[in-house]
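S.K.: starting from these lines, generate the structure:
(chains A, B, C and D)
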Number of protein chains: 2
Amino acid sequence: MTEALAGAARRAVTLADIAREAGTSPSTASRALSGRGYVSPAARDRLLTAADRLGYVPNASARTLKQRTSRVVGVVVSDLGNRFYARLAAGIEQTLREAGYQMVIIGDNSASREEIDAVRTFVAMRAAGVIMTPVGPEAAGLLSRHGVPVVEVDRRLAGVPCDAVIVDNERGARDATAHLLAAGHRRVALLVAATDWTSDAGRLRGYLAAHADAGLPPDERLIVRVRFQAPDAEHRIAALLDVEQPTAIFAANNALAEHAWRVLRHRRLRVPEDVSLVAFDDVPWMELVDPALTVVAQPALEMGRRAASLLLRRTADPACLPRVECLHAGLVVRESTGPPPQQEKSA
Amino acid sequence: MTEALAGAARRAVTLADIAREAGTSPSTASRALSGRGYVSPAARDRLLTAADRLGYVPNASARTLKQRTSRVVGVVVSDLGNRFYARLAAGIEQTLREAGYQMVIIGDNSASREEIDAVRTFVAMRAAGVIMTPVGPEAAGLLSRHGVPVVEVDRRLAGVPCDAVIVDNERGARDATAHLLAAGHRRVALLVAATDWTSDAGRLRGYLAAHADAGLPPDERLIVRVRFQAPDAEHRIAALLDVEQPTAIFAANNALAEHAWRVLRHRRLRVPEDVSLVAFDDVPWMELVDPALTVVAQPALEMGRRAASLLLRRTADPACLPRVECLHAGLVVRESTGPPPQQEKSA
DNA sequence: CTGTTAGCGCTTTCAG
DNA sequence: CTGAAAGCGCTAACAG
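M.R.: Residues are numbered from 1 along each chain as shown, chains lettered A, B, ... in the order given. A predicted model of the protein is given here:
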C-alpha cells in the first residue's frame, strides 16, 4: 500500500499539468475539459486521456473565482432530522442533479441566527441560488442584496419579492377540521407551532374557518401554541387533555402529532374512541401505528422539485416575474378519527 | 423596495473595497478581518466598521484557492431520509460547527457510482476532509490519493488505512438473538441487507454466534438477504412467514424492521404473541407503535461526534496513527419480544 | 505594525 | 483551431 494516510500529499495536478502532458496550452486544455470552445478532436483526445491518467479533478474554487458563480445551490431547512424537510431536500436534490447542480444543505434549527449564518456561508460560496424554508425575514434580503436568487418553500417570509412554493395550508386545515366537526366533535383542540410563519398562520385560519363554516364559535382555550422543540410540549398537551377535555385533536405539524400521540398512548386513551387525532403532514410512522392516523398529506417531494425548478428558471432568466406555486394538501382519512364519545356526565 | 430581484447585482464588495474605504492596504484588511497577524486597534476598528457597513462577505473561493484548503468537511451518507444517517449527520455537524468547520452533506443512495461523484465533488471543493458511510472501496482511495483525510463511519470498507467509528455489530446482534433464543424461540429469522458491508456481516455473525452459543444449528432458510430499496422486500418477508413459519424475526436495520412491521400488521399477526420482533437500530417510530419494539440501540449522534473529532484530530496531525473507535450498541428490551406461541400442530 | 509583491488554478478575450 | 496574457479575490512572505 503506497498511499499516504492523506495529508501533505504531492502537489495536486492542475490544468497546466495535463496541458503540458498533452503538449498544448492551458487554454486549450480548459476548452477541451470544460467542453466549451473549439478544440481539435486529436488534441481533445490527448487531453482527455492525460486528465484521466493523472486523475485530474478540476479545482472548483479556481473556477468559481474566475466565473464569479458556482454550480452549487444552497438549501437551508429548519430541521435536518424531520422527515418533511428530508423529503423536500430529496426533491430539490433530484431536479438539481439533473440540471448539473450540486445541492449543499444546512440545517438552521429554526433559529434566525443560524439561518443568517447559513445564508452568509452560501453568499461566501457564491452559490448559484438558495432554496430555503425561511425562519426570519432578514435572510432573503441579505441574499437578494448580494445578487443571489432565493426561493422560499413551505412558507413565505421574505421582505423582498421572490419565488416560492407553498401548500394551501388553510384549505388543508379547514378540510381536516371540518372532517372532525362533521363527525360530531364540538371540542376540537388545535396544536400549532408558536411561530410567525405563514404556514402556521394558514393552518390556524383553516381551523377557524371550519368552525365558522359550521356556525360554531371557536374556543380560544382549545388552541395551544407550542414553540419549536419546547421541552414541555407533552406536559402542555397532557394539561390540555385534563383541563379542556377535547374530544379531538388537530396537530398542525408532524412533530406536534408525535407529541400528541405519545401523550395519548401514555394516558392509555383509545383513538379514536376516546379522542380523535388528525395530523397536518404525512410521515411514515403515522401509517405504522394502530390506528393509522388520518392526515393532511403534503406533497413534500414535489414541493422540492418545484422549488428547484423555479430556481433554475430564474437562473436562466434573472428578470422573470416572481412566481408563487401553491400545491394542494389533501385529507387522507384513515383510522384515527371517528365520532366523539357519548357524553356521560353533563346534563 | 429598492432590492433587485437578484441577478445582475452590482459588483460584489471585496477586501480591496473595504481597505480603500478604511484607508489601508488590502493586506492589512485581510489581517484585521481574518484575525491573524498584527493590526493596530485603530485600523482594525475602521476596517471592521467599513466591512460591516458595506456588508462585506469574504469570497470563500478566493480564500480556498489561496490557502489550498477550505473549512468545509464533506459528509456522504447512504440515505438522507433515514433517521440513522440523519442523527449521524447531526452529531457530525455539532462538533464540526464548534470547531469552525462547515458540513456539506451529500446522499449517495447506496450507489457506488454516486458515491464516487460525491467524493469527486469534495476533492474539487478542496474539502478539509470527508466523513462517509462507505458503499464501495474506491472512494476512500480516491480521496486519499488527493490528500484528503477520510473517516469511515458505521462500517469499514476502505482499501487504505483510515480512521473509523463503528459499533460492535456482532455483539449487538448476538445479544438480540440470544434474547430471543433465551425466550424459547427455535426458529428465529434474520432479515439482513444484501451488502458486502462490515456492518451487515457483523450482524450476521452475531446472529450465528448466538445460535452457536446456544448449541443450536442455524437454518440457512431463515436468513433473508434484501437489497437496498428492493421493491419486493415485503413480499419476501411475507413469503418467509408463510413458508418457514419463524416464531421471531430479527431485522438487522431500521428499514427492514419497518418492512417487517408492515407485513406483520397487514397479516394481523399479534406481536409478540404470534411473532416476536427485534430491530437493530432504534428510531423514533419504534417506540410509537404498540407494542414498542425491542431494539439494539446505536448511539448515532455520538458516532457522528466521534467521527468529526477523529477528522479534526487528523487535520491537526496528518501523520497520526489511524484510530478505529468501536462503540457499544446495547439491547433495549421493550414489548415486542416474548416467548414463542405454544406449538399446536407438530407431534 | 503596514504595504508591496506575487501568485493560488482556472477561464476568457484577443490575436495569430 | 490554438496560444499568450490578464485577472477573479484573497493571503503570505518579506521588506519597511
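S.K.: tell me how many other residues crowd the residue of the stretch 201-347 of chain A found nearest chain B.
M.R.: Residue nearest to chain B within the stretch 201-347 of chain A: A:Pro318 (2.7 Å; Cβ to the nearest Cβ). Every residue, glycine included, has its C-beta placed from N, CA and C. Using other Cβ atoms under 10 Å in any protein chain shown, A:Pro318 has 15 neighbouring residues.
S.K.: one more: A:Leu310?
M.R.: Look at A:Leu310: counted by other Cβ under 10 Å, it has 25 neighbours.
S.K.: quick one, what contacts it?
M.R.: Shown in contact with A:Leu310 (Cβ atoms under 8 Å, 6 or more residues apart in numbering or on different chains): A:Val151, A:Asp163, A:Ala164, A:Val165, A:Arg323, A:Glu325.
S.K.: need these in a markdown table with secondary structure and distance to B:Ala29, can you?
M.R.: Converted to a markdown table, those look like this (DSSP: H, G, I helix; E, B strand; the rest coil; distance: Cβ to Cβ, whole Å):
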| residue | secondary structure | distance to B:Ala29 |
| --- | --- | --- |
| A:Val151 | strand | 34 |
| A:Asp163 | strand | 36 |
| A:Ala164 | strand | 38 |
| A:Val165 | strand | 40 |
| A:Arg323 | coil | 40 |
| A:Glu325 | strand | 43 |
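S.K.: just the buried ones from the residues you listed, in PyMOL syntax?
M.R.: Per 16 or more other Cβ atoms under 10 Å in any protein chain shown, the buried members of the contacts of A:Leu310 correspond to this PyMOL selection:
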select buried, chain A and resi 151+163+164+165+325
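S.K.: quick one: which of the contacts of A:Leu310 is nearest to A:Leu204?
M.R.: If you rank the contacts of A:Leu310 by distance to A:Leu204 using Cβ to Cβ, A:Ala164 comes first, at 19.5 Å.
S.K.: residue nearest the middle of chain A, spatially speaking?
M.R.: For chain A, A:Tyr85 is the residue whose C-alpha lies nearest the centre (Cα atoms, centre = their mean; 3.8 Å).
S.K.: leaving out sequence neighbours, find the closest residue to that residue.
M.R.: Distances taken as Cβ to Cβ, 6 or more residues apart in numbering or on different chains put A:Val77 closest to A:Tyr85, at 4.0 Å, once the chain neighbours are dropped.
S.K.: mind checking the SS state of A:Ile116?
M.R.: Recorded secondary structure, A:Ile116: helix (DSSP: H, G, I helix; E, B strand; the rest coil).
S.K.: quick one: contacts for it?
M.R.: Contacts of A:Ile116 (Cβ under 8 Å, 6+ apart): A:Gly136, A:Glu138, A:Ala139, A:Leu142.
S.K.: rerun at 6 Å
M.R.: Shown in contact with A:Ile116 (Cβ atoms under 6 Å, 6 or more residues apart in numbering or on different chains): A:Ala139.
S.K.: what's the distance between it and DNA strand D?
M.R.: Distance of A:Ile116 to DNA strand D, given as Cβ to the nearest atom of the strand, to the nearest Å: 18 Å.
S.K.: element containing A:Thr28, please.
M.R.: Secondary structure assignment for A:Thr28, by DSSP states H and E: helix A:26-34.
S.K.: buried residues in that helix?
M.R.: Buried residues in helix A:26-34, defined by neighbour count with 16+ other Cβ under 10 Å: A:Thr28, A:Ala29, A:Ser30, A:Arg31, A:Ala32, A:Leu33.
S.K.: could you report the pLDDT at the third one?
M.R.: Looking back up the chat, that one is A:Ser30. Note for A:Ser30: predicted pLDDT of 93.
S.K.: give the contact list for it.
M.R.: A:Ser30 is in contact with A:Leu15, counting by Cβ under 6 Å, 6+ apart.
S.K.: got a list of what A:Pro58 touches?
M.R.: Shown in contact with A:Pro58 (Cβ under 6 Å, 6+ apart): B:Ala124.
S.K.: run the last query once more with 10 Å
M.R.: A:Thr14, A:Leu15, A:Ser30, A:Leu33, A:Ser34, A:Ala51, B:Arg120, B:Val123, B:Ala124 (Cβ atoms under 10 Å, 6 or more residues apart in numbering or on different chains).
S.K.: likewise for A:Ala292?
M.R.: So A:Ala292 contacts A:Trp285, A:Met286, A:Val332, A:Arg334, A:Glu335, A:Ser336, B:Arg265 (Cβ under 10 Å, 6+ apart).
S.K.: could you do A:Tyr38 as well?
M.R.: Listed by Cβ under 10 Å, 6+ apart, the contact partners of A:Tyr38 are A:Thr28, A:Arg31, A:Ala32, A:Arg44.
S.K.: and the gap between the third one and DNA strand D?
M.R.: Using Cβ to the nearest atom of the strand, A:Ala32 is found at 7 Å from DNA strand D.
S.K.: and A:Ala189, backbone torsions?
M.R.: Main-chain dihedrals, A:Ala189, degrees, to the nearest 10: phi -80, psi 150.
S.K.: that one: neighbour count?
M.R.: Residues lying near A:Ala189 (other Cβ under 10 Å) number 26.
S.K.: in the beta-sheet assignment, what are the partners of it?
M.R.: Counting by DSSP bridges, A:Ala189 is bridged to A:Ile249.
S.K.: any idea how far chain B is from it?
M.R.: 20 Å (Cβ to the nearest Cβ, to the nearest Å).
S.K.: for the residue in the stretch 201-347 of chain A that DNA strand D sits nearest to, what are phi and psi?
M.R.: Relative to DNA strand D, the nearest point of the stretch 201-347 of chain A is A:Pro318 (17.8 Å; Cβ to the nearest atom of the strand). Per-residue torsions, A:Pro318: phi -60, psi -20 (degrees, to the nearest 10).
S.K.: just checking, it touches A:Pro149?
M.R.: Yes. If you go by Cβ atoms under 10 Å, A:Pro318 and A:Pro149 touch, sitting 6.9 Å apart.
S.K.: quick one: the strands in the stretch 201-347 of chain A, in order.
M.R.: For the stretch 201-347 of chain A, applying DSSP state E, counting those that start in this stretch gives strands covering A:223-226, A:248-251, A:276-280, A:294-297, A:324-327, A:330-332.
S.K.: ditto for the stretch 1-150 of chain A
M.R.: A:72-77, A:102-107, A:129-132, A:150-153.
S.K.: need the max-distance pair from the buried residues of helix A:26-34.
M.R.: Put simply, by Cβ to Cβ the two of these set farthest apart are A:Thr28 and A:Leu33, 9.6 Å from each other.
S.K.: joint contacts of the two?
M.R.: What both A:Thr28 and A:Leu33 touch, as defined by Cβ under 10 Å, 6+ apart, is the set A:Leu15, A:Ala19, A:Val39, A:Arg44, A:Leu47.
S.K.: possible to save the contacts of A:Pro58 as TSV with distance to DNA strand C?
M.R.: Output for these, formatted as TSV (distance: Cβ to the nearest atom of the strand, whole Å):
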residue	distance to DNA strand C
A:Thr14	3
A:Leu15	3
A:Ser30	4
A:Leu33	6
A:Ser34	4
A:Ala51	10
B:Arg120	13
B:Val123	11
B:Ala124	9
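S.K.: nearest to B:Arg306 among the residues you listed?
M.R.: Of those, the one sitting nearest to B:Arg306 (Cβ to Cβ) turns out to be B:Val123, at 23.8 Å.
S.K.: who are the contact partners of that closest one?
M.R.: Going by Cβ under 10 Å, 6+ apart, B:Val123 touches A:12, A:55, A:57-60, B:74, B:130, B:142-143, B:145-148.
S.K.: now with 6 Å, please.
M.R.: By Cβ under 6 Å, 6+ apart, B:Val123 lies in contact with A:Val57, B:His146, B:Val148.
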